[in-house]
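**Student:** Sequence plus the predicted model coming up.
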Amino acid sequence: MKQSQIFTKTQKENPKDEKSINAILLQRAGFIYKEMAGVYSFLPMGLIVLNKITNIVREEMQAIGGQEVNLSVLQPKALWQKTDRWDKGIGQEVMYKVKDETEVGLGPTHEEMLTDIIKNYIESFDDLPLAVFQIQTKFRKEARAKSGLLRGREFLMKDLYSFHSSQDDFKNYYETVKQAYFKVFERSGLKAIITEASGGGFSKDFSHEFQIISQDGEDTIYYCSCGGFSQNEEIFDKKIKNCPVCLKELQKAKSIEAGNIFSLGTKYSQSLGAFFTDKNGVKQPVVMGCYGLGISRLMGAIVEVSNDANGIIWPEAVAPFTYHLLPILSGKKEQDEQILEKANKVYNDLQNKGIAVLYDDRNKKSAGEKFADADLIGCPMRLVVSQKTLEQNSIEAKKRSSNETKLIKDVKQIS
RNA sequence: CGGAGUGUAGUACAACGGUAGUAUGCGCGCUUUGGGAGCGCGUGAUUUGGGUUCGAUUCCCAGCACUCCGACCA
């Protein structure tokens, strides 16, 4: 991609009225555009990143047998009344409602809708288990949207629901999902701490959050570095001082809840009539689990934990481009032609290899501005072609995360 | 939803109740090119509605918007 062709531009100044790092850097670098509090549009580079995270999540959900669907955003009122959530709880507090000829809600979550669908197809124990997920924009009327992508009123979320014929089968699948979540975070370049949380009336054994430690997080967790213990402040007994596993002193930290998984039991299957016939011919309610993961929030969290004074430092797996190629001109016509010829060749070589590269072909821009933009945008590797590198018949390479530069002879060395 | 703060060029900031200014961006010209380059010319703004006043960007009231703190967050 040629930088001159992208319709976004970087901004030198921090936006007024934004305090959180992710909101400041993502807007300055041109990844997102703020429409309202908690509502952002994704611009070309922002969408590339969002799609990369989406694909990681999709692959891991498919790997554990999840079948992808796309449920409607518009939700019928009658369905939510069956679970008594239209006038109470989430339906009353956070669902946007639209009243025209009929009244409908904009989906904040999809237990009702999906349970209502699957009950038409699940009849026998033979039809279970089943795991269904979607990656979709959710709407929630947050009383206080804040911190850029960390808490929005419109956001991209993956929601997986599982359906089982027994509690034991659910338990096994719950463990499988846990491992899949760890893979998602690891692939996204994040360290997530699995944390026990309040179970919404169910056992805390089956309610876990995946927390990413960050000062801008809204949650507080008590955890041990050994990985054996972590609890959300909501349920933490303050008398506990040491890790029950390794006996080390517990630590307290602010954190971002990037995902949560929990048991639903038979609450929705009973109220919506999702039953199956067991081996003995007895009618039983389907046992359910629910597993959420905020994809746009994850993008914000990555920026929160991976940045420096000059900008974003994208982990390679989610970076908008792997390489940022900068020709630095000399002002002398003959040399500049050589510099551009070399840079063009490097660009074409990388493109031909299928490697994502952002080429800063804005030749009116000064060297300083190009470097500053490269740091702000945060591609993992920077390549420079200049008079200096030409004299040594080489290209300069530098990792965004490091200050060291090295000269390489050819792009073959860097793939 | 309660509390506090802030609304001025695309962006970031100034302006005693009396001609709205600076920086940056953008356009043109020339000079520049390894960390947001220089000079010249040009472009471009007071959140909305009331009120006080001879006169309001400025003071008062209300709305709207944004940020922060709190409550809330299946």
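**Tutor:** Happy to help now that I have it.

**Student:** Walk me through which strands the helix or strand containing A:A397 pairs with, and which way each runs.
**Tutor:** Under DSSP states H and E, the secondary-structure element containing A:A397 is strand A:395-399. Applying DSSP bridges, strand A:395-399 is found paired with strand A:381-386 (antiparallel), strand A:405-408 (antiparallel).

**Student:** which one of those strands is the most hemmed in?
**Tutor:** Greatest average neighbour count among those goes to strand A:381-386 (a mean of 22), per mean count of other Cβ atoms under 10 Å. Heads up, the C-betas are built off the backbone N, CA and C, glycines and all.

**Student:** where exactly do the helices run in the stretch 1-150 of chain A?
**Tutor:** Using DSSP state H, counting those that start in this stretch, the helices of the stretch 1-150 of chain A run over A:21-28, A:44-63, A:77-82, A:89-93, A:111-118.

**Student:** Deepest-packed of the ones you listed, please.
**Tutor:** A comparison of the helices of the stretch 1-150 of chain A by mean neighbour count, using mean count of other Cβ under 10 Å, puts helix A:21-28 on top with a mean of 23.

**Student:** on that earlier part again, to RNA strand B, which of the helices of the stretch 1-150 of chain A lies closest?
**Tutor:** Set against RNA strand B and scored by Cβ to the nearest atom of the strand, the helices of the stretch 1-150 of chain A come closest in helix A:89-93, at 4.2 Å.

**Student:** Name the residues that touch the closest one?
**Tutor:** With Cβ atoms under 8 Å, 6 or more residues apart in numbering as the test, helix A:89-93 has contacts from A:W80, A:R85, A:W86, A:G105, A:P108, A:T109, A:K141.

**Student:** Pull out the CA atoms of it and give them to me as PDB.
**Tutor:** Output of helix A:89-93 as PDB, limited to C-alpha atoms (Å, rounded to 0.1, in the frame of the first residue of the first chain):
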ATOM      1  CA  GLY A  89     -32.200  -6.100  33.500                       C
ATOM      2  CA  ILE A  90     -30.300  -5.800  30.300                       C
ATOM      3  CA  GLY A  91     -33.300  -5.000  28.200                       C
ATOM      4  CA  GLN A  92     -34.400  -2.200  30.300                       C
ATOM      5  CA  GLU A  93     -31.000  -0.800  31.100                       C
END
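
**Student:** Return the distance of it from the chain's centre.
**Tutor:** 25 Å (Cα atoms, centre = their mean, to the nearest Å).

**Student:** same thing with stretch A:292-308?
**Tutor:** 6 Å.

**Student:** Check stretch A:94-109 too.
**Tutor:** Distance, stretch centre to chain centre, for stretch A:94-109: 26 Å (Cα atoms, centre = their mean).

**Student:** Name the residues linked to the closest residue to A:L25 other than its chain neighbours by a beta bridge.
**Tutor:** Excluding its sequence neighbours, the residue lying closest to A:L25 (Cβ to Cβ, 6 or more residues apart in numbering) is A:I312, at 5.1 Å. Listed beta-bridge partners, A:I312: A:N307 (assigned using DSSP bridges).

**Student:** A:I312 - how many residues pack around it?
**Tutor:** Look at A:I312: counted by other Cβ atoms under 10 Å, it has 25 neighbours.

**Student:** measure it to A:F210 for me?
**Tutor:** 22 Å (Cβ to Cβ, to the nearest Å).
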